[in-house]
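S.K.: pasted the sequence and its predicted model underneath.
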Amino acid sequence: MSDVLRAELVRVAGELGAPDVEFTLERPRDPTHGDLATNLAMQVARQVRANPRALAERIIAALALPEGVVSGTEIAGSVFINFRPATETLAAAHARILAGAERYGRSTSGAGRRINVEFVSANPTGPLHVGHGRGAALGDAIAALLEWTGHTVVREFYVNDAGVQIDNLVGSLWARILHQQGHEAALPEGGYHGEYLVETAERWVADRAGAVPGGPADAPPPELRTYVLQAMRAEQDDTLARFGVRFDVIASETDVYHSGKVQQGLDRLAAAGLTYEQDGALWLRTSDYGDEKDRVLRKQDGSYTYFVPDIAYHLDKHARGFDQAIDVWGADHHGYIPRLRGALVALGLPEDWFAVTLVQLVKVVRGGDEVKMSKRSGEFVTLRDLYEETGVDAARYWFLMRRGDSHLVFDIELASARTDENPVYYVQMAHARLTGIFRNAGIEPATVEGTLDLDALGPADHDLLKALTAFPDEVERAARHLEPHRITNYLEELARLVHGWYHGCRVLGEPPAVERSRLLLARAARQVVANGLTLLGVAAPDRM
RNA sequence: ACCCCCGUAGCUCAGCUGGAUAGAGCGGCGAGCUUCUAACUCGUAGGUCGCAGGUUCGAAUCCUGCCGGGGGUACCA
C-alpha cells in the first residue's frame, strides 16, 4: 500500500504547489492512529503558507487511489492524515509472506553493492573472550542484514600476526616450556600469563617427544612462532565455528608486508606529498584530514607502526573492488577512526567508503557478581566458556539485544535461564507454539494454501497480520543503520502478539472458515518469526 | 586539558535520525490452567526523558553550556 500511496501523495503535493516537499509516511507508534500516517499537510502548509487543516482536506479530496488500497482516511490533530488499509491490501500482504517464504523480508535495495565487513580480528595471542563474542555476533548479523537487503557481502577477519606482541607471545610460550622442563624462567615484560599457554607448552613438548632444544640461556627455537600462531588461530576458528560464525577471508598482517603492499602504500602516500621526516621518524599529515595531530608511520628505529599495514590493508580492500568497508571495532579503538579515515581520504577514497561500528565492552556478571577479565593475568571468561554454559542461541541473541554502542551487562545466570526473564526463549517459544498447532492438526504448514478471509477473523487476527507485514521495513531500517537490535526488538514485540493471539484466538476446532484462515495466519506468523531468528543466526525450534 | 559514547520507570533497556497521551521486559500488587506448550496470558501501580537555555507548528530526539558514568588521547597493537 505504501508505495502506491506515497506516489499519489507526491503527485497531489505537486498539484498544490509543493512538488519537492519532504514528508514522512510511516506506521504511527500508536496503532489507534491508523496504520500509515503522513505529515504531508503540515509540510506543504509550511511551503505555501496555508492553513494545514484546509490543506489536509484538499489533499484527501485530490487523492485518486485505485479500489482496494485504502479503506479509511481521517485527519488528526489538524496535522496528520491517517490511512487504513483495505482488507484486499492486507490479504495481498499475507499472500506475499507465504509466497516469499524463507525469503520474505529480503529486498534488492542494496543493488548488489559490494561490502566488506571486517569483524572480530582478534590478536592471535589467546582464546577469544566475551568482548570478541559480541563483535562476532554483531558483525555476523550486520553482514546478514546487508545480504538480506541485496548487498554482496564478504565477511573478513584480519590477523595481527606481526609486531612486538607476537614476540611476547613466543617468549611467554618458551618460558612455559622451560617451566615444564623444570627450569626457572621469567615471562617477558608484557607477556601472556594465561593458563592456555601452559597447555600449549605441554602439547608442544609432547609433540616433540620431550626433545626440547636449548635451555633458559637460549632464544626460543624459530619454529615456535609458527607453531603458536597456528595453535591460537585454530583455537579461535574452532570457537567461532561452534558459535556459528564463518569468514570468507582471513587476511594476515604478515601477508600484507610480504606482498609488498605496505611499501606500495607508503609510496602512494609519499607521492601524494602527504608525508614528511621529523625527529628521525616519518610522519603522515593526517591532521589535514580530520585527525587531531599528525601520526608516525616509521619509527626512529626504522620499523613501522601498526598504522602503516592498516592503511595498506584497507587500500587493498578498496583495490579488491568493495564499494564500502565496514569494520566492527571495540570502543577502546574509537580514537583510531579519524586517523585511518584521514589517511584513506587523503589518498582519494570517498569519506563514507570506510565505516566503523563500535562495540562497547561487555561486563560479565554471574548472579550479580562481576567476573573480572584480564588476558594478562589469565583470569577471564572465554567466549567458549560463555556459550557452553548459556547455549549458542542465547549467547548470540543476548549480544544482539542491545545497541552496539551501549554498555552490555551480560548476566550468565540470566542468559542461561530457561524462564520468561530470558527474551530469546520467549521468541523461540512463539515459533514452537505456532509449529505445535500444525503438529496437533497433523498437517505440514506449507500445505495450508489459499487466500486469507479476513472477514472471518477478528481484530486480534488483524493486528497480528499487520505486525507481520512490518517485517521487511524493519529489516530495511536495521540494515540502513547497521543495528541488528532493531530486529530483536521487533521479534520480541511480535512474539508478544503471537502469545496473546495464541491465548485468545483458538485455531483448531473453530468453524471451518475461521480455522482455515487462522491456519493461514499461523503459517505466515511462523514464517516471519523464523526468518527474523534465522537472520540473527539464532535457531527457530519446532518444539521446546 | 581535549576528543568520543552513554544518561529515559526500582532494575535492564526500546523509542522507527523532529511527530500525536514517552513504551516493553523483569521486579511489585492483583487475577487466570477441563482449552492447539503456564517456558504463558490479562489487569494495575510506577516518569521533572541528568540539569539549564536555544531552534519551531511540534524536542527524549537537533544546537549551546553545565553535571554524572565509561572510554580514548603512544615513535604499543
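M.R.: Perfect, thanks for sending it.

S.K.: only C-alpha atoms for contact and neighbour calcs from this point on.
M.R.: Will do.

S.K.: the stretch 101-250 of chain A: strands as residue ranges?
M.R.: Taking DSSP state E, counting those that start in this stretch as the test, the strands found in the stretch 101-250 of chain A are A:114-118, A:152-159, A:249-252.

S.K.: could you see whether RNA strand B lies near the helix or strand harbouring residue A:524?
M.R.: Taking DSSP states H and E as the definition, one finds residue A:524 inside helix A:512-536. No - Helix A:512-536 is not in contact with RNA strand B by CA under 7 Å from any atom of the strand; minimum separation 8.6 Å.

S.K.: name the residues of that helix that are buried.
M.R.: Within helix A:512-536, the residues that qualify as buried are A:514-533, A:535-536, counting by 16 or more other CA atoms under 10 Å.

S.K.: pLDDT averaged over that helix - what is it?
M.R.: Helix A:512-536 shows a mean pLDDT of 95.

S.K.: so what secondary structure elements neighbour it?
M.R.: Judged by 3 or more CA pairs under 8 Å, 6 or more residues apart in numbering; DSSP states H and E, the packing partners of helix A:512-536 are helix A:87-100, helix A:130-148, helix A:423-441, helix A:459-469, helix A:485-504.

S.K.: could the ones you listed be laid out in JSON lines, adding mean pLDDT?
M.R.: Below are the helices and strands packed on helix A:512-536 laid out as JSON lines (pLDDT from 0 to 100):
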{"stretch": "helix A:87-100", "mean pLDDT": "93"}
{"stretch": "helix A:130-148", "mean pLDDT": "94"}
{"stretch": "helix A:423-441", "mean pLDDT": "92"}
{"stretch": "helix A:459-469", "mean pLDDT": "90"}
{"stretch": "helix A:485-504", "mean pLDDT": "92"}
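
S.K.: using a markdown table, lay out these together with mean neighbour count.
M.R.: Listed next are those as a markdown table, based on neighbours: other CA atoms under 10 Å:
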| stretch | mean neighbour count |
| --- | --- |
| helix A:87-100 | 18 |
| helix A:130-148 | 26 |
| helix A:423-441 | 21 |
| helix A:459-469 | 18 |
| helix A:485-504 | 19 |
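
S.K.: in a markdown table, list those along with distance to residue A:12.
M.R.: Converted to a markdown table, the helices and strands packed on helix A:512-536 look like this (distance: least, CA to CA, whole Å):
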| stretch | distance to residue A:12 |
| --- | --- |
| helix A:87-100 | 22 |
| helix A:130-148 | 33 |
| helix A:423-441 | 42 |
| helix A:459-469 | 26 |
| helix A:485-504 | 33 |
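
S.K.: so residue A:416 touches residue A:389, yeah?
M.R.: Yes - using CA atoms under 8 Å, residue A:416 makes contact with residue A:389 at a distance of 6.8 Å.

S.K.: higher neighbour count, the two?
M.R.: In this view residue A:416 and residue A:389 are compared by other CA atoms under 10 Å, and residue A:416 has more residues nearby, 20 against 14.

S.K.: the more buried one - nearest residue in space that isn't next to it in sequence?
M.R.: residue A:390 (4.2 Å; CA to CA, 6 or more residues apart in numbering).

S.K.: any part of stretch A:139-146 near RNA strand B?
M.R.: No - Stretch A:139-146 lies out of reach of RNA strand B by CA under 7 Å from any atom of the strand, never closer than 14.8 Å.

S.K.: same check, this time on stretch A:119-126
M.R.: Yes - residues of stretch A:119-126 contacting RNA strand B under CA under 7 Å from any atom of the strand: residue A:123.

S.K.: not counting its neighbours along the chain, what's nearest residue A:472?
M.R.: Closest to residue A:472 by CA to CA, 6+ apart is residue A:105, at 4.1 Å.

S.K.: next one: phi and psi at the one you found?
M.R.: phi 110, psi -20 (degrees, to the nearest 10).

S.K.: wait, it touches residue A:146, no?
M.R.: No - Residue A:105 is not in contact with residue A:146 according to CA under 8 Å; the separation is 11.9 Å.

S.K.: domain boundaries for chain A, per the record?
M.R.: What automatic domain parsing lists as the domains of chain A is A:2-85, A:114-161+A:243-265+A:301-359, A:164-237, A:364-415, A:420-536.

S.K.: could you identify which of those domains has the lowest mean pLDDT?
M.R.: domain A:364-415 (a mean of 77).

S.K.: now do the end-to-end distance for it.
M.R.: From its first residue to its last, domain A:364-415 covers 11 Å (CA to CA, to the nearest Å).

S.K.: tell me how far residue A:362 lies from RNA strand B.
M.R.: Distance, residue A:362 to RNA strand B, using CA to the nearest atom of the strand, to the nearest Å: 9 Å.

S.K.: give the contact list for that residue.
M.R.: A:130-131, A:134, A:407-410 (CA atoms under 8 Å, 6 or more residues apart in numbering).

S.K.: between which two of these is the distance greatest?
M.R.: Largest separation among the contacts of residue A:362 by CA to CA: A:130 and A:407, giving 13.1 Å.

S.K.: re earlier: and of the strands of the stretch 101-250 of chain A, who's closest to RNA strand B?
M.R.: Nearest to RNA strand B among these is strand A:152-159 (8.6 Å), distances taken as CA to the nearest atom of the strand.

S.K.: from the contact counts, what lies against the closest one?
M.R.: strand A:114-118, helix A:130-148, strand A:249-252.

S.K.: each with direction, which strands does that strand pair with?
M.R.: strand A:114-118 (parallel), strand A:249-252 (parallel) (DSSP bridges).

S.K.: now do that strand: everything it contacts.
M.R.: So strand A:152-159 is contacted by A:112-124, A:140, A:143, A:146-147, A:246-253 (CA under 8 Å, 6+ apart).

S.K.: is RNA strand B contacted by it?
M.R.: No - Strand A:152-159 lies apart from RNA strand B when judged by CA under 7 Å from any atom of the strand; the minimum separation is 8.6 Å.

S.K.: need the strands paired with strand A:152-159 in a markdown table with mean neighbour count and distance to RNA strand B, can you?
M.R.: Compiled in a markdown table, the strands paired with strand A:152-159 are given as follows (neighbours: other CA atoms under 10 Å; distance: least, CA to the nearest atom of the strand, whole Å):
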| stretch | mean neighbour count | distance to RNA strand B |
| --- | --- | --- |
| strand A:114-118 | 23 | 15 |
| strand A:249-252 | 15 | 11 |
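
S.K.: so can I have JSON lines of those showing distance to residue A:382?
M.R.: Below are the strands paired with strand A:152-159 laid out as JSON lines (distance: least, CA to CA, whole Å):
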{"stretch": "strand A:114-118", "distance to residue A:382": "21"}
{"stretch": "strand A:249-252", "distance to residue A:382": "21"}
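
S.K.: so which of the helices and strands packed on strand A:152-159 gets nearest residue A:80?
M.R.: Using CA to CA, the nearest of the helices and strands packed on strand A:152-159 to residue A:80 is helix A:130-148, at 31.9 Å.
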